[in-house]
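Trainee: With the input below, show me the fold.
(chains A and B, ligands or ions: 2)
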Amino acid sequence: MIEVKNVYKSFGDKKVLEDVSAGFYRGKSNFIIGSSGSGKSVLMKCMVGLEQVTDGSILYENRDFTHLDYNAKKEIRKEIGMLFQGTALFDSLTVEQNVEFPIKMFSKMTPAERLDRVNFCLQRVNLSKVNHLYPSALSGGMKKRVGIARAIALNPQYLFCDEPNSGLDPLTSRVIDELIKEITIEFNITTIINTHDMKSVFDMGDNIIFIWQGKKWWEGTRKDIRASGNKELHDFMKAYDIENM
Amino acid sequence: MSFFYHFGRYILFIRGLFSKPEKFWVFRERMFQEMQSIGVGSIGIVTIISVFVGAVTTVQTAYQLVSGLVAKSIIGTIVSDSTMLELAPTITCLVLAGKIGSSIASEIGTMRVTEQIDALEIMGINSANYLVLPKILAGMIVIPMLIIIAIFLGISGGIIAGKMAGILPVEEFMKGARSTFKGFTVFFSCTKAVTFAFIITSVSAFQGFYTHGGALEVGQSSTRAVVYSAVLILFSDYILAQLLL
Ligand SMILES: Nc1ncnc2c1ncn2[C@@H]1O[C@H](COP(=O)(O)OP(=O)(O)O)[C@@H](O)[C@H]1O
Ligand SMILES: [Mg+2]
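Mentor: Ligands and ions are numbered 1, 2, ... in the order given. Below is the predicted model of the structure:
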């Protein structure tokens, strides 16, 4: 479980997050939702340590990540996999080398064992025959899959997905969602998904945090969301429903 | 004010490069790749520049020496000394600043804006150490080699031009070149080459590493990398001449 406790984040005078507290649970698809610019990505970056929180703390199974030194943080980072919004695949490396990369850096596997692991991960995301292609030759959906394969290469405890559906058509979006959900349950991972795609939220939101203007405005499950009685959340959903009629 | 801010950041950047690589063999592999791309990739341009610069220097030196009282062999002395002291290291490195500097800055800048550097950091890798240090070390090894080649080719260009234009025979040129040759001149040339190599690689990597934004900013970083490297090369050229000659 990851606990976010009273997190504040500002850039200069600009307050982006204010007093955000939330819990993210193992084996569940945890969602951070909110409109563009509400602070979802910043919250996620604070959680993984790409940004420093201004105040507050982040606990990974009671280990206070925010106050650890570089080497102790590195140990926790090895348990984290992340799927980036733009996939962030290394474009000088092939698909196979991309997925192999974390394994090469952090495990003592032989080249043959590494290749086995790479192929296992690629099969898990339903990709075959792309090992020797470069990311520039892949479609958006395939890139996301390679991103997921790389993120799970070292058996992470925590999987962060920043807008996994951005830039994908609705059909491919569902496939990626389904994949993330399966992997979460199959490997019992604490998955955190940051999105404004309400379809994903209704399909698989086990635990939902709604961020509005940098504050946590609502939390609950997909069952309570329609009946939440929260004005801003309803406005947010209504905008989505109109968009998708 | 702004100058000191950026200079301070540059110093911190350089200090941050030095940490133990995650895997030594991966680091070595990276370094060989960089040596290959910097070194082999630049031989063509270095050849063209040095041959022509040597040839032009010979023709122009002959033009300036109108007096019949000076022995023709002095042309060989002037051409070989100025090639070793200034033309080969400085002109070549100014051109390499354009070629290597812009490629380093845009490569690293692109990795920054497409979150590839974040992806490295998430995995627990010191991204500066992994990406930048191999480039700097490779540059400091390979660029001096290129400069040695440039010296040979520059002097050869001078000899050929001297003979073809009927200015002076090969033996006269060689006699002049040998008459004042000192090993220290070559050492001085290599000192310059190592210094310039460090400037080109580190300044360009710094510009790329702190790129914010998108494709436009990557272009700007790349331009700044070339301009700053060129100015710093000329500045340090003067300092080295003052200190060592
Ligand atoms: N590095 C930064 N410096 C300054 N402001 C930032 C930075 N990163 C994000 N912001 C600001 O924080 C706010 C929230 O951004 P973000 O978390 O990316 O939104 P989103 O919810 O769409 O992911 C935005 O107003 C953005 O401009
Ligand atoms: Mg975002």
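Trainee: quick one: the helices in chain B?
Mentor: Assigned by DSSP state H, the helices in chain B fall at B:2-17, B:24-39, B:43-64, B:73-82, B:92-96, B:102-113, B:116-122, B:127-131, B:133-164, B:170-179, B:183-209, B:215-244.
Trainee: Other residues contacting the fifth one?
Mentor: The set of residues external to helix B:92-96 that reach it, using Cβ atoms under 8 Å, 6 or more residues apart in numbering or on different chains, is B:42, B:45-46, B:49-50, B:143, B:146-147, B:150, B:192-193, B:196-197, B:200, B:230, B:233-234. No exception for glycine: its C-beta is placed from N, CA and C like everyone else's.
Trainee: export that helix as PDB, just CAs?
Mentor: Written as PDB, here are the backbone C-alpha positions of helix B:92-96 (Å, rounded to 0.1, in the frame of the first residue of the first chain):
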ATOM      1  CA  THR B  92      39.000  21.400 -35.900                       C
ATOM      2  CA  CYS B  93      37.500  21.600 -32.500                       C
ATOM      3  CA  LEU B  94      35.400  24.600 -33.500                       C
ATOM      4  CA  VAL B  95      34.000  22.500 -36.300                       C
ATOM      5  CA  LEU B  96      33.500  19.500 -34.000                       C
END
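Trainee: what domains does the record give for chain A?
Mentor: With automatic domain parsing as the criterion, the domains of chain A are listed as A:1-79+A:156-164+A:188-245, A:85-155.
Trainee: mind checking which of those is nearest residue B:205?
Mentor: Nearest of those to residue B:205, taken as Cβ to Cβ: domain A:85-155 at 15.4 Å.
Trainee: Can you get me the start-to-end distance on that closest one?
Mentor: 21 Å (Cα to Cα, to the nearest Å).
Trainee: ok, is that domain in contact with ligand 1 or not?
Mentor: No. Contact between domain A:85-155 and ligand 1, assessed by Cβ under 6 Å from any ligand atom, is absent, since the two come no nearer than 8.4 Å.
Trainee: How far off centre is that domain?
Mentor: 17 Å (Cα atoms, centre = their mean, to the nearest Å).
Trainee: before we move on, what about stretch B:5-12?
Mentor: Between the centre of stretch B:5-12 and the centre of its chain there are 22 Å (Cα atoms, centre = their mean).
Trainee: Let's see it as CSV, backbone CA atoms only.
Mentor: Backbone C-alpha positions of stretch B:5-12 (Å, rounded to 0.1, in the frame of the first residue of the first chain) are rendered in CSV as follows:
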residue,chain,number,x,y,z
TYR,B,5,23.4,31.0,-11.7
HIS,B,6,24.1,29.0,-14.8
PHE,B,7,27.8,28.5,-14.0
GLY,B,8,26.8,27.2,-10.6
ARG,B,9,24.3,24.8,-12.1
TYR,B,10,27.0,23.6,-14.6
ILE,B,11,29.4,22.9,-11.8
LEU,B,12,26.8,21.0,-9.9
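Trainee: now the helices of chain B as JSON lines including distance to residue A:23?
Mentor: Formatted as JSON lines, the entries for the helices of chain B read as follows, by distance: least, Cβ to Cβ, whole Å:
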{"stretch": "helix B:2-17", "distance to residue A:23": "34"}
{"stretch": "helix B:24-39", "distance to residue A:23": "37"}
{"stretch": "helix B:43-64", "distance to residue A:23": "59"}
{"stretch": "helix B:73-82", "distance to residue A:23": "72"}
{"stretch": "helix B:92-96", "distance to residue A:23": "54"}
{"stretch": "helix B:102-113", "distance to residue A:23": "32"}
{"stretch": "helix B:116-122", "distance to residue A:23": "22"}
{"stretch": "helix B:127-131", "distance to residue A:23": "30"}
{"stretch": "helix B:133-164", "distance to residue A:23": "40"}
{"stretch": "helix B:170-179", "distance to residue A:23": "78"}
{"stretch": "helix B:183-209", "distance to residue A:23": "35"}
{"stretch": "helix B:215-244", "distance to residue A:23": "38"}
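Trainee: I'd like the ones you listed laid out as a markdown table, including mean pLDDT.
Mentor: Shown next, in a markdown table, are the helices of chain B (pLDDT from 0 to 100):
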| stretch | mean pLDDT |
| --- | --- |
| helix B:2-17 | 93 |
| helix B:24-39 | 95 |
| helix B:43-64 | 96 |
| helix B:73-82 | 95 |
| helix B:92-96 | 97 |
| helix B:102-113 | 98 |
| helix B:116-122 | 95 |
| helix B:127-131 | 96 |
| helix B:133-164 | 97 |
| helix B:170-179 | 94 |
| helix B:183-209 | 97 |
| helix B:215-244 | 97 |
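Trainee: if we compare those helices, which one ends up closest to residue A:55?
Mentor: By Cβ to Cβ (comparing all of the helices of chain B), the closest turns out to be helix B:116-122, at 22.1 Å.
Trainee: Is any residue of that closest one near chain A?
Mentor: Yes. Shown here: helix B:116-122 in contact with chain A (Cβ under 8 Å from any Cβ of the partner chain) through B:116, B:118-119, B:121-122.
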